[in-house]
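[1] Test case, fold it:
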Amino acid sequence: MKKLTLLIGLASTLCFGQEGGKVEPTAYNVQIGFVGAWVNTEIGLADQLALRTELGTMPKWYVGTGTAWFLDASVEPRYYYNIKKRAEKGRDTSSNAANFLTVGISYRPEKSFSSNYTDYSSISIVPKWGIRRNLGNNLHYEVGARLGFRHEFNNRNYGEIDLHLRLGYSF
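    You can find the predicted model right below:
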């Protein structure tokens, strides 16, 4: 009986090792979306808080002349506000699968890496709400909406709206 109890205890620990209601200590991801591709990492800072750093590509369309691709680097602290509740309900929280709030800061350089186009370097500060869910062991998707502020150096300031849907792979 003791061996059976020990075996059941070990099996449940292995099955639910990631279900503690906390963000992952470190998570590496690759994501693609409708307009771009990204590589990112999330480092757990607290039970519900992670710091995400990301490097990606974003297109800019020029009327009559084509498309240019620009790098996009960002840093954002993510607050996974319902990760504990999802774990308590027995839902999958591995790879930080939960709803989140964040304020992202991103930088885009002026030079395109895909063509001779140049644009204004810019920085943005954008609050975002989103959800992240798993589609198996390593696949996941993210859906989010954000509304914020972008400053183009040597030019102007303007609002920024972003609705995103990304499909990703977690390592």
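[2] Now do the contacts for His164.
    33-34, 130, 142-146 (Cβ atoms under 8 Å, 6 or more residues apart in numbering). For glycine as for every other residue, the C-beta is placed from the backbone atoms N, C-alpha and C.
[3] How is it assigned, secondary-structure-wise?
    Here His164 takes the strand state, with states given by DSSP: H, G, I helix; E, B strand; the rest coil.
[4] Just the buried residues out of the contacts of His164, in ChimeraX syntax.
    The buried residues among these can be selected in ChimeraX (16 or more other Cβ atoms under 10 Å) with this line:
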select :33,130,142,144,146
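[5] and of the contacts of His164, the nearest to Asp47?
    Nearest to Asp47 among these is Gly130, at 18.8 Å by Cβ to Cβ.
[6] which element is the closest one on?
    Element membership of Gly130, judged by DSSP states H and E, is strand 122-134.
[7] Repeat that for Gly90.
    Gly90 belongs to no helix or strand, assigned by DSSP H and E.
[8] And the pLDDT for it?
    With respect to pLDDT, Gly90 scores 96.
[9] now Ser115
    Confidence score, pLDDT, at Ser115: 79.
[10] okay, now the nearest residue to it once chain neighbours are set aside: neighbour count?
    In this structure, Ser115 finds its nearest non-sequential neighbour in Ala68, 4.8 Å apart by Cβ to Cβ, 6 or more residues apart in numbering. Ala68 has 19 neighbours, counted by other Cβ atoms under 10 Å.
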